[in-house]
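Trainee: fold the following, please.
(chains A and B)
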Number of protein chains: 2
Amino acid sequence: MLQPGDRVLAAVSGGPDSIALFHLLLQFRKELGFLLGAAHFDHQMRPDSGADLEFVQELASRHSVAFFCGSKNVPALVKADGGNLEEVARACRLEFLGAIAKRENFGKIATGHTLNDQAETVLMKLLRGAGSAGLGGIAPKVGSWIRPVIEVSRPDILSFLREGGLAFRQDVTNLDTGLLRNRIRHRLLPLLEAAYSHRILEKLSSLAEIERETARYWRWHCRRFIERDDSGPLIRVERLKRRPVAEQREAVRLFIFRARGHLRRISFEHTESVRRLVDQRAGGRQVVLPGGWEIFNAGGVLRARKRQ
Amino acid sequence: MLQPGDRVLAAVSGGPDSIALFHLLLQFRKELGFLLGAAHFDHQMRPDSGADLEFVQELASRHSVAFFCGSKNVPALVKADGGNLEEVARACRLEFLGAIAKRENFGKIATGHTLNDQAETVLMKLLRGAGSAGLGGIAPKVGSWIRPVIEVSRPDILSFLREGGLAFRQDVTNLDTGLLRNRIRHRLLPLLEAAYSHRILEKLSSLAEIERETARYWRWHCRRFIERDDSGPLIRVERLKRRPVAEQREAVRLFIFRARGHLRRISFEHTESVRRLVDQRAGGRQVVLPGGWEIFNAGGVLRARKRQ
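Mentor: Numbers count the residues shown, from 1 in each chain, chains lettered A, B, ... in the order given. From the prediction side, this is the model:
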């Protein structure tokens, strides 16, 4: 995850997770020989958000770490353009972090996602309805984004901070968290841990690891079923027809992804409907997907088009 | 699931699920043209278990359905030979049903597993720690065993019984259920449905369907990595080394299954340890599995042996 010579930008909100991340990176930067920067984004979603910024700035300065900050009035933005507050906040923050990393030549961006965040994400996907792709949860490393504390539980984060006498801002973060995530965090996960499975965090994390690698396999493996011509991606029905059901499903999902650009709001039922187009007897029908897309079987070839 | 001319043996405990199953099969047997039998097994685990037997016998007789019963003193058996009460009861019941089906020439055995049983099973596996194989839950059809009401929820079962004025014995079944399953049934699943995801049963069932087909794909696909000689199954490390992680994991699981006969008590950590034997740098080491098995890399070939 970290190599000598790396330039690492830590995303520091000021909450316990990102403060622990910052101090861990501080401890390891000499040993591993990487350069550390800190970035803070002020979403202006609470009156005291400026104090968080000052707290992180002061911390970075005390440890001679380059500090970068950005700010946007997210509530005003949502009021003007609509959208979900948490999602817009997250998008603004990620855009800021990516832009700073690019401008300042940081090859890696470290975020403070913990084992608890991982378990919460898996449970959330499970409750919302997900196949294996969704259960993959948070990847420890995707492109330049790394999560060095993804295998550390929140209790261990808090112990680390307590033992080191390290100050942090109280629960100022959680900007990612919609209502469902908060209920999972504060009620469901503690209940599961106490009454059902005391190693639930580790179990959900192992499941996520298995499912992530399975999803990676499918993305790689199913490329073979998808061709492309001037009108976009296509699947020759003949090639998919006698394949195992799991392979058909994943090829269909990859096909939808290639045509539509993402898999949001694509349910199991959508995938199954498209898969039934592969069946000869169903020739001629078409399947309408969310966002105005339709998939149709034209003479033994599955194609996608955006409806006018 | 059911074809004209089938001979179907329904497993009827007398509880709501199996009574609904019995009446549904009664309704469809003329339409579909199959022959119906009913079997009841008395585990002698409660003083009134004989009344359940009489209840089912009377029901079968009233509808001119051939009735078969068996009995075993399961508590005495467990007292003498040890084992888990629910597991021994289940094993005795399955043995009885299989024997009757064979003797009386029933090609299919129908059990009353519902959508709720499916969701409970998936949650239980999730809480105990499972990869995709475990999350497959209850298959609608395995060999001669069929579950005609696996997509029907328990509330719908109860409505069906109420509307038809159909009598059943009160919660006399649940012999499969250990303590964990009962807590999931009576507390966790209702909580999840009320406060987190009102379509949780359907979502867990879709997940199970996806995971079952994925597991089926892996069993079929990973056969190619496993060879066999006089000393048992083997994997040539060279063939597996450059494959995707997911494929390595599933090949290792199939290898352990072939050698050991089952995958009970094989955790994610076990699979990962065996997988690391594929790595050249780790040559010479061995991995000990539960039940006295060990897997070792002998000159580029993974083999398994039972320890003396």
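Trainee: what about the strands in chain A?
Mentor: A:7-11, A:35-42, A:66-71, A:108-110, A:141-142, A:145-146, A:226-229, A:232-236, A:286-289, A:293-298, A:301-306 (DSSP state E).
Trainee: my guess is A:His40 contacts A:Phe67. True?
Mentor: Yes. When contacts are counted by CB atoms under 8 Å, A:His40 is listed as touching A:Phe67 (7.4 Å). For the C-beta atoms, the positions are set from N, CA and C on the backbone; glycine is no exception.
Trainee: picking that back up, quick check: which of the strands of chain A is nearest to chain B?
Mentor: Evaluated over these, closeness to chain B peaks at strand A:141-142, with 13.5 Å, by CB to the nearest CB.
Trainee: quick one: strands adjacent to the closest one?
Mentor: Strand A:141-142 pairs in its sheet with strand A:145-146 (antiparallel), by DSSP bridges.
Trainee: other residues contacting the partner strand?
Mentor: Contacting residues not belonging to strand A:145-146 are listed as A:1-2, A:8, A:108-111, A:140 [CB atoms under 8 Å, 6 or more residues apart in numbering or on different chains].
Trainee: residues contacting A:Gly70?
Mentor: A:Gly70 makes contact with A:39-42, A:96, A:100, according to CB under 8 Å, 6+ apart.
Trainee: check those and tell me the two furthest apart.
Mentor: A:Asp42 and A:Ile100 (13.4 Å; CB to CB).
Trainee: could you measure the nearest residue to A:Pro16 once chain neighbours are set aside against chain B, distance?
Mentor: Residue nearest to A:Pro16 in three dimensions, not counting chain neighbours: A:Phe168, with 4.8 Å by CB to CB, 6 or more residues apart in numbering or on different chains. As judged by CB to the nearest CB, to the nearest Å, A:Phe168 and chain B stand 29 Å apart.
Trainee: neighbours of A:Phe168, how many?
Mentor: As a burial measure, A:Phe168 scores 25 neighbours (other CB atoms under 10 Å in any protein chain shown).
Trainee: which parts of chain A sit against chain B?
Mentor: Contacts of chain A with chain B, taken as CB under 8 Å from any CB of the partner chain, map to A:126-132, A:135, A:180, A:183-184, A:187-188, A:191-192, A:195-197, A:199-200, A:202-204, A:206-207, A:209-211, A:213-214, A:216-217, A:220-221, A:244-247, A:249, A:268.
Trainee: now, of these, which are buried?
Mentor: Buried members of the residues of chain A next to chain B, scored by 16 or more other CB atoms under 10 Å in any protein chain shown, are A:126-127, A:129-132, A:135, A:180, A:183-184, A:188, A:192, A:196-197, A:200, A:202-204, A:206-207, A:209-211, A:213-214, A:216-217, A:221, A:244-247, A:249, A:268.
Trainee: go through these and flag which are in helices.
Mentor: If you go by DSSP state H, these have A:126-127, A:132, A:135, A:180, A:183, A:192, A:200, A:202-204, A:206-207, A:209-211, A:213-214, A:216-217, A:221, A:245-247, A:249, A:268 in helices.
Trainee: show me the contacts for A:Leu126.
Mentor: By CB under 8 Å, 6+ apart, the contact set of A:Leu126 is A:134-135, B:126, B:203-204, B:207.
Trainee: which of these lies closest to A:Arg90?
Mentor: Scanning the contacts of A:Leu126 for proximity to A:Arg90, where the rule is CB to CB, the winner is A:Gly134, at 17.4 Å.
Trainee: from A:Arg258, how far out is A:Ile226?
Mentor: As judged by CB to CB, to the nearest Å, A:Ile226 and A:Arg258 stand 6 Å apart.
Trainee: the residue nearest the centre of chain A: what's it in contact with?
Mentor: The centroid of chain A falls nearest to A:Ile138 when counting by CA atoms, centre = their mean (5.3 Å). Applying CB under 8 Å, 6+ apart, we find A:Ile138 in contact with A:113, A:117-118, A:121, A:147, A:150, A:208.
Trainee: ok, those residues vs chain B, which is closest?
Mentor: Nearest to chain B among the contacts of A:Ile138, with distances taken as CB to the nearest CB, is A:Ala208, at 10.4 Å.
Trainee: in the stretch 51-200 of chain A, where is pLDDT below threshold?
Mentor: By pLDDT under 70, the weakly predicted segments of the stretch 51-200 of chain A are A:171-178.
Trainee: do that again at 80, thanks
Mentor: Residues of the stretch 51-200 of chain A meeting the criterion pLDDT under 80: A:130-133, A:171-179.
Trainee: and for stretch A:214-232, what are the contacting residues?
Mentor: Around stretch A:214-232, the neighbours that count as contacts under CB under 8 Å, 6+ apart are A:132-133, A:136, A:233-236, A:239-240, A:243, A:247, A:250-251, A:253-255, A:258-259, A:303-305, B:132, B:214, B:244-247.
Trainee: please indicate which of those residues are buried?
Mentor: Looks like these have A:132-133, A:136, A:233-235, A:240, A:243, A:247, A:250-251, A:253-255, A:258-259, A:303-304, B:132, B:214, B:244-247 buried, using 16+ other CB under 10 Å.
Trainee: counting neighbours, what do you get for A:Asp229?
Mentor: Using other CB under 10 Å, the number of residues around A:Asp229 comes to 9.
Trainee: sorry, that was for A:Gly232
Mentor: Residues within reach of A:Gly232, counting by other CB under 10 Å, total 13.
Trainee: ok, A:His40 next?
Mentor: Under the criterion other CB under 10 Å, the count of neighbours that A:His40 has is 27.
Trainee: so what's it bridging to?
Mentor: Beta bridges link A:His40 to A:Cys69, judged by DSSP bridges.
Trainee: now do the contacts for it.
Mentor: Neighbour list for A:His40: A:11-14, A:52-53, A:56-57, A:67-70 [criterion: CB under 8 Å, 6+ apart].
Trainee: hang on, A:Ile266 packs against A:Phe255?
Mentor: No. Using CB under 8 Å, A:Ile266 is not in contact with A:Phe255, being 10.9 Å away.
Trainee: next one: stretch A:126-142 to chain centre, how far?
Mentor: Distance of stretch A:126-142 from its chain centroid, counting by CA atoms, centre = their mean, to the nearest Å, is 8 Å.
Trainee: how long is it end to end?
Mentor: With CA to CA, to the nearest Å as the measure, stretch A:126-142 spans 22 Å from end to end.
Trainee: so for A:Gly283, what's the pLDDT?
Mentor: In this model, A:Gly283 is scored at 55, pLDDT.
Trainee: could you do the one 5 residues further on as well?
Mentor: If you check A:Val288, the pLDDT there is 93.
Trainee: ok, it to A:His262 distance?
Mentor: 17 Å.
Trainee: mutual contacts of A:Ile226 and A:Arg258, please.
Mentor: A:Pro233.
Trainee: thinking again about what came up before, okay if I get the contacts of A:His40 as JSON lines plus distance to A:Ala80?
Mentor: Shown next, in JSON lines, are those (distance: CB to CB, whole Å):
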{"residue": "A:Ala11", "distance to A:Ala80": "26"}
{"residue": "A:Val12", "distance to A:Ala80": "28"}
{"residue": "A:Ser13", "distance to A:Ala80": "24"}
{"residue": "A:Gly14", "distance to A:Ala80": "27"}
{"residue": "A:Asp52", "distance to A:Ala80": "24"}
{"residue": "A:Leu53", "distance to A:Ala80": "23"}
{"residue": "A:Val56", "distance to A:Ala80": "28"}
{"residue": "A:Gln57", "distance to A:Ala80": "29"}
{"residue": "A:Phe67", "distance to A:Ala80": "29"}
{"residue": "A:Phe68", "distance to A:Ala80": "26"}
{"residue": "A:Cys69", "distance to A:Ala80": "23"}
{"residue": "A:Gly70", "distance to A:Ala80": "19"}
